[in-house]
Structures are given as C-alpha cells and as structure tokens.
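**Q** predicted model follows, preceded by the sequence.
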Amino acid sequence: MAQNRRTTAPLVALGAFALLAPLAIPGTVSADTTWLAQDLSSTDRIGLALDSGKLRLDTGKGLGASPRLDTAQRRTGLATFPEQELEAPTDTVDVAVITTGDEEEVLTEARGVRADGMWTEWHPTRPGGGRVVLSSEVTEVQLRVEMSAEGERNDTSVTDVSLRPVESSSTEAEAEADPGPEASARDDVPTPYSARLFATRIGLVGNTTANGHTVRPDDHFVALPSRRGLANRGGGEYTVRVCTTGELGPDASGDTEDHKARCAYLPVWDVGPWNVTDDHWNEDRESWRDLDRGRPQSQAAFTEGHNGGLDGFGRRVQNPAGIDLADGAFNEGLQLPTNGWVQVDYLWTAEYRDRAEIITDTQSDPVVVRTGPSTHHDTVGLAAHKANVDVACQVVGDNANGPNGTDDVWYRIGEDHYVPAVFASGGSDAPQCLADQP
C-alpha cells in the first residue's frame, strides 16, 4: 500500500511556467467593473462550507487519501468554480482573491480551454491573487481554491474571487496555414510526453483523494506528484496511458519477473507519491529543476541520494515511485504482481485529433481494450470510466452493446488498442482506419 503521499501542497514560488505580476486590487473586488466576479455558491465544494457568504473549512471530513506523515496535522478543502467563457481568446488572466485570516492558507489555481478543446494544466497564483500566463491561448477559464489549516483552526475564509482577461502575452501568430482538404489530419501523429516510472499501489479504500473522490475497492485512477494535472472530481481531462514494460521488481535491486504487457487508460484523481509540486513531465517543471525532464525527484532521491535522499517534506524516500495506481488499475488493468516499472504517456501533453470520453453504465467499471475491433481479439488492457482518449480512426467490427446503444463501430485509441464506440462520448468525426494501420 502506497501511503507515502501528502495531498495538500504548500504554496510555492513559481518560475517561468506560470508568470505572475502584482495587482492593484481594491478593497472589494466588485469595485472594479473590469473584473468578472465568481459566485461562491456555485462551486463544487469538498471539505469546505459556504457560511454567511464566505468559504471556510468544514468541520467534517476534508480531502486527502493519504495519512499525513508530517508533524502538522492539517485539514484541507477544495472549491471548484464553473467554467467562465471569455469574449476573446487570451493566454493571460488576472486573479483576485479576498480573504480574512491567513491568506497563506489559501491556494488559488487557474486553467483554460485550449483550441483543441482540452484544458491547459492548472497554474497557481500568489497568495491573494496575481497574473497567470497559461501555456496557450484559451477561450474559457476555470478557477479552484484550496484551503488548509492545522488542527481545528477555522479562522481563515474566502470572501471574494474574481478574474479578468488580459490582452494575450503572445506577439506571434500561432495559427498555421490550412493544409487543405487533400492533406491528411493523421499525417502528423500527436505524440504525448512519455516517461518510465516506478509504480506503486494506492490502496486506502474509503479515504478521499485530492479532488474529492472517495476511494472504492477496485478503483481505476492514478496519482501524480503535482496538482498541475489533477482532474476535477469525477473528470478525466487529465488522463495517462500506463503500460507495463515486462521489467518488474520491488525497487532498484535488479530482480525482474516475466509479465505480459498490458495498458490502462486512467484519469488523474490524486496527488503523490512522495512529492506534490514535482510535475516532472514538464520541460519547465515547478520544482527540482536540476533534474532531467521525466525523472521524478523521488526516483533521484532513492537511486542517487538527490536532496540527501529526502523528498520535498524532508522524509527519507523508501522507493523510487513516480506514480501511484488505484487497486483496480494495479490488479485488474495492468495485472501487476508487485510494484514495478511502467511506461506512462501523459495524453493531455499532445493535441487530441478527435477526443472521446470513455463512459460505462455503472460509472465505475472500465471498458475492455482489445487488439482489434472484435471480441475475438485479445484483451490488452482497460480504459477507465471518464478517461479522455485520442481517437485516431474508426472501423467497422463486431456489434457491441453499451451506454450509447448497439453499434458495430470501434475506435482505435492507441497502437493495436480498440474500444467499441458505444462506450465513448465523442470521436465520431475520426476518419476511417486504413488497412495498414495497427
């Protein structure tokens, strides 16, 4: 059981990944009509209560699936605002947060919808707000606020949250020339960033993840050591494809075990293992910038003594884990006999050609992934409910019954990876698969 995670990130200074600038914010946000006030009552709240028009920590159970291993016992809550449509695309927004009490106990994050319909990663602001430059121009913006406090303290509240779009920071035209109808949209295959990581099992059934999900037996999701790719509760906007590589072992001992290669498509619903600001998949990572891209700090600490062999909280790193797998993903999806090395593709780091969301009637069971468009083809893994997949093409195969009825169309979502279209929302505009496509 992987219990080496803390799901509440301390506020951290940002680098070039999300540029911030001080704001001249009036005493009340509504005094400036250029600001778009956010409705506190409209938020999806986990561990927070709306009390007299203010957001504050609830006295009930808050966030965090992992037992806290630092000395400070902290309660945590999260409020996610609805999407805010913008009048014009921009990559820059100002965020203002008015608090009472200790504003260091409030973490505010922003993200936006890219041109391909996918979200950018979350970008935190300074305490009280600031200017956020996103990774691309966006047409919608969303905010979320996390609050935390030690023990039973409840003297910090959020009274106002607002945002305002700012002229885009980009001075160069990003649109490329239209290749025309003769060009194939599949000529340039989007390649998400991929890294080889050591995977451990989450366990912790009945606890709560960093996005508010209550962990179930045989659950299918993952935890990554950064909030930047943390999906909303029940969402799959940040999905990874995790595949076994045939190299399994308890750690760096060199012991290996034969294992049939399998893959699972899984949403990111928790933060960990070990660190909480280690977005190692980004070239301009938030923390541990002395490490190569794709190398988790925990792995470097365990194998090379990085940071004296300690994680970001000063704890001795006991394994090189860079990803945690929920029990269903670990046991059923990948059929791992023990902790081991996997290959992880961060699907949102590439543009989707035709995005689809996996859906199931139970809203918990995954969909079987096969090597071809029929039940006669071998099973190669699973795709979790809500996982966002990239549909490369579609092909006629066996009839299948699913949430969308009965149909014989199948989607190819990876190399030799097929799922019935009746288990997906979206993807219908994908072209027909060619005979030589794997």
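**A** Here it is on my side, so go on. Numbering: from 1, shown residues only.
**Q** how much space is there between residue 168 and residue 159?
**A** 30 Å (C-beta to C-beta, to the nearest Å). Heads up, the C-betas are built off the backbone N, CA and C, glycines and all.
**Q** that should have said residue 95, apologies.
**A** Residue 95 is 15 Å from residue 159, by C-beta to C-beta.
**Q** what packs against the worst-scoring helix or strand of the chain on mean pLDDT?
**A** Lowest by mean pLDDT, DSSP states H and E among the helices and strands of the chain is strand 239-248, with a mean of 85. Here strand 239-248 touches strand 222-224, strand 263-271, strand 321-325, strand 340-346, going by 3 or more C-beta pairs under 8 Å, 6 or more residues apart in numbering; DSSP states H and E.
**Q** hmm, 7 Å instead?
**A** strand 263-271, strand 340-346 (3 or more C-beta pairs under 7 Å, 6 or more residues apart in numbering; DSSP states H and E).
**Q** of residue 95 and residue 159, which one has the most company?
**A** Using other C-beta atoms under 10 Å as the criterion, residue 95 and residue 159 rank with residue 95 on top: 28 against 16.
**Q** direction included, what does the helix or strand hosting the more buried one pair against?
**A** If you go by DSSP states H and E, residue 95 is part of strand 84-100. Strand 84-100 sits in its sheet next to strand 129-150 (antiparallel), strand 157-166 (antiparallel), going by DSSP bridges.
**Q** residue boundaries of the strands in the stretch 301-438 of the chain?
**A** 321-325, 340-346, 355-358, 367-370, 379-383, 388-390, 393-402, 405-414, 417-420, 424-426 (DSSP state E, counting those that start in this stretch).
**Q** same thing with the stretch 1-150 of the chain?
**A** Under DSSP E, counting those that start in this stretch, the stretch 1-150 of the chain gives strands at 36-37, 44-46, 48-51, 54-57, 74-80, 84-100, 106-112, 123-124, 129-150.
**Q** which one of those strands lies nearest to residue 212?
**A** Among the strands of the stretch 1-150 of the chain, the nearest to residue 212 by C-beta to C-beta is strand 44-46 (3.4 Å).
**Q** determine the set of other helices and strands touching the closest one.
**A** Taking 3+ C-beta pairs under 7 Å, 6+ apart as the contact cut, strand 44-46 packs with strand 74-80.
**Q** contact partners of the least confident helix or strand of the chain?
**A** 222, 256-257, 259, 261-268, 334, 336-338, 340-348, 387-389, 414 (C-beta atoms under 7 Å, 6 or more residues apart in numbering).
**Q** got CSV for the strands of the stretch 1-150 of the chain, with distance to residue 242 and mean pLDDT too?
**A** Listed next are these as CSV, based on distance: least, C-beta to C-beta, whole Å; pLDDT from 0 to 100:
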stretch, distance to residue 242, mean pLDDT
strand 36-37, 38, 94
strand 44-46, 26, 94
strand 48-51, 31, 92
strand 54-57, 34, 93
strand 74-80, 25, 89
strand 84-100, 30, 94
strand 106-112, 23, 96
strand 123-124, 25, 94
strand 129-150, 23, 93
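**Q** before we move on, back to that, let's have the strands of the stretch 301-438 of the chain in JSON lines, adding distance to residue 35.
**A** Putting these into JSON lines (distance: least, C-beta to C-beta, whole Å) gives the following:
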{"stretch": "strand 321-325", "distance to residue 35": "39"}
{"stretch": "strand 340-346", "distance to residue 35": "33"}
{"stretch": "strand 355-358", "distance to residue 35": "32"}
{"stretch": "strand 367-370", "distance to residue 35": "43"}
{"stretch": "strand 379-383", "distance to residue 35": "41"}
{"stretch": "strand 388-390", "distance to residue 35": "32"}
{"stretch": "strand 393-402", "distance to residue 35": "45"}
{"stretch": "strand 405-414", "distance to residue 35": "41"}
{"stretch": "strand 417-420", "distance to residue 35": "44"}
{"stretch": "strand 424-426", "distance to residue 35": "34"}
